[in-house]
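Asks: Provided below are the primary sequence and the corresponding predicted coordinates.
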Amino acid sequence: MRRGRGRLSCLRPSQPSRPLTLLFAALLLLIAGYVVFDRRRHARLKAACVAAFEQAYAATSPLPAFEMSYSYGEPVFKVEFASKEAMQAAAGANGAFLQAIDILCRDRGRKRQFKAQRAVFFRHPADDEPVVTHCCDTMRSQVGRTIVYQDDMKRYGLKTSIVGTPALAIAHCPWCGSRLPPPA
Ligand SMILES: [Zn+2]
């Protein structure tokens, strides 16, 4: 008993920093692991969503354009048709796609339950501009590129290059300085 304790106290001087180093290493490992996990999760989800899209629109011709991205950390989808008529003709496929996305993304809501109705945007060229008039030409040309615009909330954000990271909310137009609607 006494010998054992003696040995322990001999070792002690070199020990204080070790648990901390170990903790730090474990934390780094955890973060790295999470990044890999998140990327894989995104890749898997994307593959599943593309498959759902192809299945839902298998009989639709011409095939609408499909785009998946993230807005405020939640997946968003754009399905763009050649015309309004093509979009209306594909109503059945649109419904099937919404259902599939609802199931695939049901655990992807951040502050509220994920709803495909809110996350999938069916569009056609004619409804691109007149619906919203943004502050300036540059803003108009950047919405959907560097700027994320949430139609339902009139909220603007800067797109980041990191998958899964929400857009950065902005209060003023970066180009003309116009005041933008405050985030709700
Ligand atoms: Zn502007």
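Replies: Sure, I can see it.
Asks: Can you tell me what sits against stretch 125-145?
Replies: Identification of contacts with stretch 125-145 by Cβ atoms under 8 Å, 6 or more residues apart in numbering yields 80, 82-84, 147, 149, 151, 159, 173, 175-176, 178, 180. In short, each C-beta sits where N, CA and C put it, glycine included.
Asks: longest helix anywhere in the chain?
Replies: In the chain, taking DSSP state H as the definition, the longest helix is helix 17-56.
Asks: Beyond that helix, next helix or strand please.
Replies: Sequence order places strand 65-71 as the next helix or strand after helix 17-56, per DSSP states H and E.
Asks: State the paired neighbours of that following strand in the sheet, together with their directions.
Replies: When pairing is defined by DSSP bridges, strand 65-71 lines up against strand 74-80 (antiparallel).
Asks: which of the residues in the partner strand are buried?
Replies: Neighbour counts over strand 74-80 (16 or more other Cβ atoms under 10 Å) mark 74-77, 79-80 as buried.
Asks: Give me the contact list for it.
Replies: 45, 49, 53, 64-70, 94, 97, 101, 105, 108-110, 114, 119-125.
Asks: For the longest helix of the chain, enumerate the helices and strands it packs against.
Replies: Helix 17-56 sits against strand 65-71, strand 74-80, helix 91-104, with contacts defined as 3 or more Cβ pairs under 8 Å, 6 or more residues apart in numbering; DSSP states H and E.
Asks: can we see that at 7 Å?
Replies: Packing contacts for helix 17-56, counted by 3 or more Cβ pairs under 7 Å, 6 or more residues apart in numbering; DSSP states H and E, involve strand 65-71, helix 91-104.
Asks: for the spatially most central residue of the chain, what are its contacts?
Replies: Residue closest to the average C-alpha location in the chain (Cα atoms, centre = their mean): residue 70, at 2.1 Å. Residues near residue 70 by Cβ atoms under 7 Å, 6 or more residues apart in numbering: 76, 163-164.
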